[in-house]
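Novice: could you look at this predicted model? Sequence included:
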Amino acid sequence: MNPIVPSRRDFLKGAAAAAAAGVVPMSFVKLAFADPAQDFTFAYISDAHIQHISGSKFVRNWDRGLIRAVAETNLLTPKPDFVMFGGDLGQLGMKEELDHGAEIMSKLRYKTHYVMGEHDYYLDLGEYWSKLFGPHWHSFDHKGVHFVVLNSVLTYDEWTYNRWPSAEERMLQMAGLDNPNGSPFMVGEKQRAWLKADLDKVAKTTPVVVFSHSPLQKLYKGWNFWTDDAEEVQAILAPFEKVNVIYGHVHQIQYNQVGNISFNAVMATAWPWPYPNTYAQAQHTMPVLTVPMNRADPFFERDATGWQFIDVHTGRVALKYNLYNNTARTVAWNPATGKPEDTVFQDPSKRVPPQVHY
Ligand SMILES: [Fe+2]
Ligand SMILES: [Fe+2]
């Protein structure tokens, strides 16, 4: 088994900084290679959901989550080569929210790439977001790795253009978690053609890291933890030896391995989502390789947030979680079983009983 990345303390400049920070709603991703001289890191912050109230007032908790993540990212050592923001910067795509979020993010000392979230998109279809952060999808190369940023939150034209009396109504409908009036996300034909052409120029041995907002796999349609053309996108990625898809949107820990593609969700700075009951009740809605975690406490704003280390070196799921008020956990590919496993969780005698709902 390949070693997982070092502990959180190794990435902070000192214990004092760690103690002051408490909880860090960001992920630190290390890309490790056979030759350690090639290793590099990047940071990942996601799902800030900056929410405008009125005037200069914004929902304080969401502001605080992002501010803390930015501050901690600036303290990381070694310094990340760049920062990814995983989407849902704003709550309802408003100019005020995107501006306020951009202002908080501007304190980062690193180049930052942005992924489009549905909360950023469905008010003006990403127009203002694009003015602030650039193209809806793009790719770049960095130290031998090909990075792809997708807009995975598109949907059917009929839903986007013909169904709603106003842009605000469209945004509200897509913003609901379990709203039957929403519509499944997709990458879409045009972007898939772009992705294929982009990857045609890349050697199959080159590690590929794809950033999307929604999971590029079908997890739970009722909550749009779902991408409708996931299989088509996976087919484009399948020929590559090492592919990591890193996504936000689900505000919870998820991991999965499909062929050469490993899927890693990152946590949100705003709030954790619960695990849908359906994960447990109907196995087929969740890939069997994914282990649902115990439910976060909705009355504790920092529950289920923390540090997450993703080692893409293996081309397989290899993760370490340091969550607030929780023991550190490791999930890694087990060649013996052919699955990524959290051996602690999967040993029934060591499991913490699921939280009682009340
Ligand atoms: Fe979100
Ligand atoms: Fe989202």
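Specialist: Structure's in. What do you need? Residues are numbered from 1 along each chain as shown. Ligands and ions are numbered 1, 2, ... in the order given.

Novice: so which bits of the stretch 101-250 of the chain are right by ligand 2?
Specialist: By CB under 5 Å from the ion, the residues of the stretch 101-250 of the chain that approach ligand 2 are 117-118, 249. (Glycine included, C-beta is placed from N, CA and C.)

Novice: ramachandran coordinates for E241?
Specialist: Dihedral angles of E241 (phi, psi; degrees, to the nearest 10) stand at phi -70, psi -40.

Novice: what's across from N334 in the sheet?
Specialist: In this entry, N334 is beta-bridged to K339, by DSSP bridges.

Novice: wait, S152 sits on S214?
Specialist: Yes. At 4.7 Å, S152 counts as touching S214 under the criterion of CB atoms under 8 Å.

Novice: the more surrounded of those two?
Specialist: S152 (32 against 29; other CB atoms under 10 Å).

Novice: any buried residues in the lengthiest helix in the chain, and which?
Specialist: Criterion DSSP state H: the longest helix present in the chain is helix 60-75. Residues of helix 60-75 classed as buried by neighbour count (16 or more other CB atoms under 10 Å): 62-63, 65-66, 68-73, 75.

Novice: residues near the closest residue to G222 other than its chain neighbours, how many?
Specialist: Closest residue to G222 apart from its sequence neighbours, by CB to CB, 6 or more residues apart in numbering: D178 at 6.0 Å. A count of neighbours around D178, defined by other CB under 10 Å, yields 10.

Novice: how about Y255?
Specialist: When neighbours are counted by other CB under 10 Å, Y255 comes out with 22.

Novice: which phi and psi does it have?
Specialist: Note on Y255: its backbone torsions stand at phi -150, psi 160 [degrees, to the nearest 10].

Novice: I'd say it and F263 touch.
Specialist: Yes. Taking CB under 8 Å as the definition, Y255 is a contact partner of F263 at 6.2 Å.

Novice: what do S152 and S214 both touch?
Specialist: Listed as contacting both S152 and S214 by CB atoms under 8 Å, 6 or more residues apart in numbering are 185, 227, 247.

Novice: can you list the residues of the stretch 1-150 of the chain near ligand 1?
Specialist: Residues of the stretch 1-150 of the chain lying near ligand 1 by CB under 5 Å from the ion: 47, 88.

Novice: tell me where the stretch 151-300 of the chain has helices.
Specialist: 157, 167-175, 189-200, 230-237, 277-281 (DSSP state H, counting those that start in this stretch).

Novice: closest one to Y128 among those helices?
Specialist: Closest of the helices of the stretch 151-300 of the chain to Y128 is helix 167-175, at 11.5 Å (criterion: CB to CB).

Novice: can you list the buried residues in the closest one?
Specialist: Buried positions in helix 167-175, judged by neighbour count with 16+ other CB under 10 Å: 170-175.

Novice: which one of those residues is nearest ligand 1?
Specialist: Lowest distance from ligand 1 to those (CB to the ion) belongs to A175, with 9.3 Å.

Novice: my read: the closest one touches G90, true?
Specialist: No. If you go by CB under 8 Å, A175 and G90 don't touch, sitting 10.1 Å apart.

Novice: which residues are common contacts for the two?
Specialist: With CB under 8 Å, 6+ apart as the test, A175 and G90 both reach H119.

Novice: what sits against the residue lying closest to I246 once chain neighbours are set aside?
Specialist: Nearest non-adjacent residue to I246, counting by CB to CB, 6+ apart: N264, 5.1 Å away. N264 is in contact with 244-247, 254-255, 308, 310, 317, 319, counting by CB under 8 Å, 6+ apart.

Novice: now swap in T337 and tell me
Specialist: Neighbours of T337 in contact, by CB under 8 Å, 6+ apart: none.

Novice: closest residue of the stretch 201-350 of the chain to ligand 1?
Specialist: H249 (5.3 Å).

Novice: look up how far I50 lies from that residue.
Specialist: Using CB to CB, to the nearest Å, one obtains 16 Å as the distance from H249 to I50.

Novice: I'd say W164 and G182 touch.
Specialist: No. Assessed by CB under 8 Å, W164 is found out of contact with G182, at 11.5 Å.

Novice: between those two, which contacts overlap?
Specialist: Taking CB under 8 Å, 6+ apart as the criterion, W164 and G182 both touch Q173.

Novice: more crowded one of these two?
Specialist: G182 (20 against 17).

Novice: could you check how far that one is from ligand 2?
Specialist: 11 Å (CB to the ion, to the nearest Å).
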